[in-house]
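Peer 1: the following block contains a protein sequence and its predicted model.
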Amino acid sequence: MRSMIIGVATSAMFVAGSALAEDMTENQKDSYLMGLDIGESIKSTTLQPDLDTLLKGIRTALDGGEYEVSAEERQAFAARIQQMQRDAAQKAKEAAIQQNADAAAAFLEENASKDGVTTTESGLQYIVLEEGEGEPPAATDQVTVHYTGKLLDGTEFDSSLTRGEPISFALNRVIPGWSEGVQLMKPGAKYTFFIPPALGYGERGAPGVIPPNSALIFDVELISIGVDADE
């Protein structure tokens, strides 16, 4: 039993059809899966329980025996576990934010030295794929563009090309990297922008779409410039 509980650490390796699973009855499999859930729950805290006492508590609850702790102690323990889980989640989030920031900084530092890449004072980087003609837009202009946005790992998170229609927006109502970058373009131009986190979605990111502190890559075609957005 002790080795089974310690084996929770390798629970991801448990698959249907394994030798261990084949030797189990249906009830044993259910019991093992329940044990995995309990073990994973314990792993999300900083607790290192005494296994014999842990099993004693499980048996007491299953057998309907007399509890050796008060209801108040159980409530206090539950509150402590919840706080541990919140602390662990916050720590993991902060680690991911820092990891993304480090990855973005390393990428942009290397990218800045590549042929054709220009870095502006703000840290925005871009490559001119195709020049346009005419005058570039002002900061308050409405523009119409086609674009594709990607993360550093190549994941495409948004694309007007995929949707099959361009998008129009005011340059003073988008992320700073977009506002600055598109003002460099003339109608008909195609640029690739490399946007640092501070000019994108920052530490917050875009939940479910863009992780916190992500550097972003956009391929942008400026189709046209409209009237001043404030008029």
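Peer 2: Great, that's in hand. Nothing here was measured: the structure is a model prediction, and the numbers come from that model. Numbers count the residues shown, from 1 in each chain.
Peer 1: and the gap between Val209 and Gly200?
Peer 2: Using Cβ to Cβ, to the nearest Å, Val209 is found at 12 Å from Gly200. C-beta: built from backbone N, CA, C; applies to glycine.
Peer 1: so those two - more neighbours on which side?
Peer 2: Gly200 (23 against 13; other Cβ atoms under 10 Å).
Peer 1: report pLDDT for that one.
Peer 2: Listed pLDDT for Gly200 reads 96.
Peer 1: return the residues in contact with it.
Peer 2: Ile175, Pro176, Gly177, Ile210, Ser214, Ala215, Leu216 (Cβ atoms under 8 Å, 6 or more residues apart in numbering).
Peer 1: now it, nearest residue through space, not along the chain?
Peer 2: If the residues on either side of it in the chain are set aside, Gly200 comes closest to Leu216, at 4.9 Å by Cβ to Cβ, 6 or more residues apart in numbering.
Peer 1: how near is that neighbour to Gly226?
Peer 2: Counting by Cβ to Cβ, the gap from Leu216 to Gly226 is 24 Å.
Peer 1: okay, the two: which has more neighbours?
Peer 2: Comparing Leu216 with Gly226 by other Cβ under 10 Å, the one with more neighbours is Leu216, at 24 against 14.
Peer 1: re earlier: my read: the residue nearest to Gly200 touches Thr192, true?
Peer 2: No - checked against Cβ atoms under 8 Å, the pair Leu216 and Thr192 is beyond contact range at 11.0 Å.
Peer 1: may I have the strands that pair with the longest strand along the chain, each with its orientation?
Peer 2: Criterion DSSP state E: the longest strand present in the chain is strand 216-228. Using DSSP bridges, the strands paired with strand 216-228 are strand 141-151 (antiparallel), strand 190-195 (antiparallel).
Peer 1: which parts of the protein are strands?
Peer 2: Using DSSP E, strands in the chain cover 118-119, 125-130, 141-151, 156-159, 167-170, 190-195, 216-228.
Peer 1: quick one: low-confidence parts of the protein?
Peer 2: The chain contains residues with pLDDT under 70 at 1-21, 227-231.
Peer 1: and the helices in it, which stretches?
Peer 2: Under the criterion DSSP state H, helices of the chain are mapped to 2-6, 19-22, 26-43, 51-63, 71-111, 160-163, 176-182.
Peer 1: any idea how far the residue most central in space within the chain is from Asn27?
Peer 2: Residue closest to the average C-alpha location in the chain (Cα atoms, centre = their mean): Pro211, at 3.3 Å. Distance, Pro211 to Asn27, using Cβ to Cβ: 42 Å.
Peer 1: what does Glu131 give?
Peer 2: Computed as Cβ to Cβ, the Glu131 to Asn27 distance reads 71 Å.
Peer 1: and those two? Which one has more around it.
Peer 2: Of the pair Glu131 and Asn27, Glu131 is the one with more neighbours under other Cβ under 10 Å, namely 11 against 8.
Peer 1: return the distance of that one relative to Pro187.
Peer 2: 10 Å.
Peer 1: what does Thr119 give?
Peer 2: From Thr119 over to Pro187 (counting by Cβ to Cβ), the distance is 24 Å.
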